[in-house]
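could you work out the structure for the sequence below:
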Amino acid sequence: MAVILPGATHDLFITANIGMSLGCFLLAGYITGQLSHIIGPRNRAWIVFCNFFQTGLVFIAAALQYIYGIHVEGTSTVIIIGLLAFAAGSQVVLSRSLSMTEISTAMATAAWVDLLIDKNLLALSNRPRTRRASFLAALVAGAFFGAYIYREVGSEAALLLSAAGKLIVTIMFLFNGIEKPSVCQGSV
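So this is what the prediction gives:
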């Protein structure tokens, strides 16, 4: 609706921002997904490179906000939105390729529903439940912490904190154990 009726919704939506966001998100998803097929979606070097690249995009977006300030529209705003959307699109594709269905980067509601309907929700040992609960707890805590940083210091600092968090995750990927090849069992 915002794209079809820009005059009626200009106060609510800025078409250039929406177009850049969606376009860069989809482009990143396409590029990351197709390259993952070629390189191998669970290749450690690829995972580290993708995370490092995404982190770089968020750091650049934070730097641009420090330099140009915060504006609702304009060239710097569209560039910053594009950088963040590209990083997000790449992150969603990468997380899907890691096959951790307990952690949904696109929608938290899916993780909430999966957590609540888990038939072993109250079991002592339940790895998927623990992953989902940890993901949701981190998401909620991060949202409140990010909102506090945004209110007290500004969006530039919130972006910088987000980039630092992504950098920590990227470094953590370097220390993950190597995936063991699956052994097919069949008759000889």
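
quick check: which element contains Val72?
Here Val72 is covered by no helix or strand, with elements defined by DSSP states H and E.

pretty sure Gln91 is touching Phe53, no?
No: because the distance of 10.2 Å does not satisfy C-beta atoms under 8 Å, Gln91 is recorded as not touching Phe53. C-beta coordinates here come from the backbone N, C-alpha and C atoms, glycine included.

these two: which has the busier surroundings?
Gln91 (23 against 15; other C-beta atoms under 10 Å).

hey, where'd the helices end up in the protein?
Taking DSSP state H to define them, one finds helices in the chain at 6-9, 15-39, 44-68, 75-97, 108-116, 127-152, 155-174.

between helix 44-68 and the second one, find me the angle.
Inter-element angle recorded for helix 15-39 and helix 44-68: 160 degrees (by axes from the mean of the first three to the mean of the last three C-alpha atoms, to 10 degrees).

again with the fifth one
Comparing the axes of helix 108-116 and helix 44-68 via the same axes, to 10 degrees yields an angle of 130 degrees.

name the helices or strands packed onto helix 108-116?
When contacts are defined as 3 or more C-beta pairs under 8 Å, 6 or more residues apart in numbering; DSSP states H and E, helix 108-116 sits against helix 127-152.

list the contacts of the residue lying closest to Phe53 once chain neighbours are set aside.
In space, Phe53 comes closest to Ser90 once its chain neighbours are excluded; the distance is 7.1 Å by C-beta to C-beta, 6 or more residues apart in numbering. Shown here is Ser90, whose contacts under the criterion C-beta atoms under 8 Å, 6 or more residues apart in numbering are 28-29, 31-32, 50, 53-54.

as TSV, those with distance to Ala137 would be great.
Putting the contacts of Ser90 into TSV (distance: C-beta to C-beta, whole Å) gives the following:
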residue	distance to Ala137
Ala28	27
Gly29	27
Ile31	32
Thr32	27
Cys50	25
Phe53	28
Gln54	23
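
of all those residues, which two lie farthest apart?
The widest separation within the contacts of Ser90, taken as C-beta to C-beta, falls between Gly29 and Phe53 and amounts to 13.9 Å.

mean pLDDT lowest where, among the helices of the chain?
Averaging pLDDT over each of the helices of the chain singles out helix 6-9 as the lowest, with a mean of 58.

for Gly89, see how far away Ser95 is.
11 Å (C-beta to C-beta, to the nearest Å).

between those two, which is the more surrounded one?
Taking other C-beta under 10 Å, Ser95 and Gly89 do not tie; Gly89 has more neighbours (24 against 15).
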